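*Asks:* Turn this into a model:
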Amino acid sequence: MFKLLKALPIALLFIFSPLSQAQTGYISDNVFIYIHSGPSENFRIIGSVPAGTEIEIIEQSKDQKFTKIIDNKKRTGWVQSQFTSTQQSLKIKYEQLKQQLASEQSKNQALNSNSASFTQQRNQLNSRIDQLSQELQEANQAKEQALAQLVGEDEDIKIKWLVNGGLLAGISMLIGIIITYLPSKKKKKGNWA
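*Replies:* Numbers count the residues shown, from 1 in each chain. Next comes the predicted model:
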C-alpha cells in the first residue's frame, strides 16, 4: 500500500504533464484517419477524424510514428504522426478566407453605395454649377445690354442738350437783333412828372 501511495503522485505527474504541454494541431487536408487506443495500428480503433479537423496534440510515441491527440469530439487517442500538422488546415483557412471575403464584399458594397451617393451629389452639384453659370452668363449679358443702352441714352441726352442749347442761343441772338431794330420812344426832356 505504501508503494502504491508513493507511486500515485508520480503516475499523476506522468498523466497530467503532457496535458500542460499540449499544442493545437490539425489533421492533414487530404486524409481521413482512424484514432487508435494506443500508439500503433495494432490497437483498437476508437473512431475517425475527418481531414482538416482541429486537434489538440498531447505527445508523440517514442518512435514518433504516432501522436496522442484530443479531437474535436473530446476523444483522446493516437493517430499516425505523418497525418498531423501544427499549421492550420486548408479547411480552416478556407472558412477564414470565406469570412474575410464576405466582410470585404460587405465593405465594398458600403463603399459602392457611398460612391453612388457621392456620384449623385456630385452630379447634382455639377448641375447646380451649370445652372448658376448660365444665370451668371445671362446676368452679364443683361448688364452689357444695360450699359450699352445707358451709353446710347447718354449720347442722346448730350445731343438733345446740344440741340436745345443751340436753339436757345439762336433764339436769343434773333431776339437781340430784333430788339435793336425796333423803334424806340424818345423821352421828353425836362418833363418831370
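*Asks:* hey, let's count contacts and neighbours off CA atoms from now on
*Replies:* Will do.
*Asks:* middle-most residue in the chain, spatially?
*Replies:* Nearest to the geometric centre of the chain sits L111, at 5.1 Å (Cα atoms, centre = their mean).
*Asks:* Give me the phi and psi for that residue.
*Replies:* phi -70, psi -40 (degrees, to the nearest 10).
*Asks:* just for this protein, where's the confidence low?
*Replies:* The chain contains residues with pLDDT under 70 at 1-21, 28-30, 89, 185-193.
*Asks:* repeat that with 90
*Replies:* In the predicted model, the chain carries pLDDT under 90 at residues 1-41, 48-55, 71-72, 81-98, 105-120, 142-143, 145-158, 160, 166, 174-193.
*Asks:* Could you check how far Q137 is from Q149?
*Replies:* Here Q137 is placed at a distance of 18 Å from Q149 (Cα to Cα, to the nearest Å).
*Asks:* quick one: the strands in the chain?
*Replies:* Secondary structure of the chain (DSSP state E): strands located at 23-27, 33-36, 45-49, 54-60, 66-70, 76-80, 84-85.
*Asks:* Which other helices and strands does the fourth one contact?
*Replies:* Right, strand 54-60. helix 2-20, strand 23-27, strand 66-70 (3 or more Cα pairs under 8 Å, 6 or more residues apart in numbering; DSSP states H and E).
*Asks:* what angle sits between it and strand 23-27?
*Replies:* 110 degrees (axes from the mean of the first three to the mean of the last three Cα atoms, to 10 degrees).
*Asks:* Begin at 95, not 1, for the rest of this chat.
*Replies:* Okay, residue one is now 95; in that scheme the one you just asked about reads as strand 148-154.
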